[in-house]
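> Fold the following, please.
(one chain, ligands or ions: 1)
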Amino acid sequence: MLSDASPDEEGTAAPPGRRRPPGDRVALRGDLRSALPDAAAAVVVTALVFALLWARMESGASDTVAVMPFMDDPGTYWMYLLSQAFGWSGLLWAWGTVMLGLLLSGPRPARLPVSRQVLERWHRTTSLTTTALMSAHALMFAAELVRYETKVAWAERLWVAFADTFVPGWYDSGTGRIAIPLGQGALYLAIPLGLLFYVRHRIGANTWRRLHRFVIVVYVLSVWHTLLYGTNVWYGEWPRTVLWLLQLPVAALLLLRLLRPARRAERLGPPGGRGGAARPAWWARGLGRVVAGAVLVGLVVVVVSGRDGGRDRPTHPPATAPHAQETD
Ligand code: HEM
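Below is the predicted model:
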């Protein structure tokens, strides 16, 4: 979704006689520096979400407590709340960086509020911040598991928390058996797919471009994980509707990007014809467009019909909760 030339790589010339560090490393270092204001904004957003979740728990309005009544104490479960807050800022940043990527790789808008180079830089910095936020979300969940497991020795506490959080298939409780591997899949794909940009001189621009487009899978897995497991969007009420609604512009931009890609070589053209793609690639591209169109229609149906997979709020607290802790 990024162009091959990074504007930040300009100005990397070193004085004669001094060895120049590889361009990839310079680009990563430069982007990490540029990501600082972005990361600071993400920390502020995370803090605000954390404060909101804490206040809702204290006031008795928390949906997390409605799903898991034993959690009715923000002072004890603050790490869990912080994990949730990082999850939300991570998802928000993922949304932003995917929208920027689709804007850059789809039909060129007639007018942009900022230059293309600036949009590209924002795409790269927000993507670095997203990966950091996703990692913080998972790490805080692991930290909460370590805190919770007081009855076992330290080594076992650390191992169980690590395995439940990071080893696919280890977490064996309720919805988490599916939802946790989805989140892990998103995190484990986000790291290489995001960072490959900085080694594209070694792997080749075409390989990088081909791999980078799978980054949309990271986003889909993240949203799926949240809809399946997030207790604050557990019930079929407005927060869940908003989450579904936010996917409409992503699906619309994805469809536009596939129908009218910025790169001439990705346009559909006649199958196997001159200047067109070979037949298998043509069918793959055609199928991609049909799937994106179907997803867009599906999203509209979900939002309009209200059949969004949300559970009904029970009149009494549930006897069991979806997450491992109280079932241990
Ligand atoms: C190792 C990977 C991951 C693990 C172990 C993990 C774990 C969890 C758990 C246990 C919950 C339930 C929290 C609740 O009670 O609501 C959750 C929710 C959530 N996760 Fe993840 N997750 C992972 C990856 C991700 C990724 C990549 C994203 C994308 C940004 C993400 C975003 C969210 C969001 C937004 C929620 C909803 C929180 C809420 O309802 O307040 N997670 N995750």
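> And for the residue lying closest to residue 142 once chain neighbours are set aside, the neighbour number?
Spatial nearest neighbour of residue 142, chain neighbours left out: residue 165 (4.0 Å); criterion: C-beta to C-beta, 6 or more residues apart in numbering. For every residue, glycine as well, the C-beta is placed using N, CA and C. Using other C-beta atoms under 10 Å, residue 165 has 23 neighbouring residues.
> Likewise for the one 4 residues further on?
For residue 169, the count of nearby residues is 10 (other C-beta under 10 Å).
> Make sure I have this right: it is in a helix.
No. Counting by DSSP: H, G, I helix; E, B strand; the rest coil, residue 169 falls outside a helix, being coil.
> now it: how far from residue 214?
22 Å (C-beta to C-beta, to the nearest Å).
> quick revisit: which residues does the residue nearest to residue 142 contact?
138, 139, 141, 142, 145, 171, 180 (C-beta atoms under 8 Å, 6 or more residues apart in numbering).
> So which bits of this protein are right by the ligand?
64, 84, 87-88, 90-91, 94, 134, 137-138, 141, 165-166, 180, 183-184, 186-187, 222, 225-226, 229-233, 323 (C-beta under 6 Å from any ligand atom).
> before we move on, the earlier item: tell me which two of the contacts of residue 165 sit farthest apart.
The span of the contacts of residue 165, defined through C-beta to C-beta, is set by 139 and 171 at 15.4 Å.
> So which residues of this protein form helices?
23-59, 63-67, 78-105, 116-148, 154-166, 176-195, 200-203, 205-212, 215-229, 238-245, 247-259, 279-305, 324-327 (DSSP state H).
> Give the buried residues for the fourth one.
Translated: helix 116-148. Buried residues in helix 116-148, counted by 16 or more other C-beta atoms under 10 Å: 119-134, 136-146, 148.
> The first one too?
By neighbour count, and taking 16+ other C-beta under 10 Å as the criterion, the buried residues in helix 23-59 are 24, 26-28, 30-31, 35, 38-39, 42, 45-46, 49-50, 53-54, 56-57.
> so where's the protein uncertain?
Applying pLDDT under 70 to the chain picks out residues 1-26, 272-277, 317-328.
> can we see that at 80?
1-26, 265, 268-279, 315-328 (pLDDT under 80).
> doesn't residue 128 make contact with residue 194?
Yes. Residue 194 lies in contact with residue 128 (C-beta atoms under 8 Å); the separation is 6.8 Å.
> how long is stretch 68-79 end to end?
Start-to-end span of stretch 68-79 (C-alpha to C-alpha, to the nearest Å) is 15 Å.
> do the same with stretch 56-75
OK, stretch 56-75 end separation, C-alpha to C-alpha: 13 Å.
> Only the buried residues of it, if you could.
Here stretch 56-75 shows 56, 57, 62, 63, 64, 65, 66, 67, 68, 71, 72, 74 as buried, counting by 16+ other C-beta under 10 Å.
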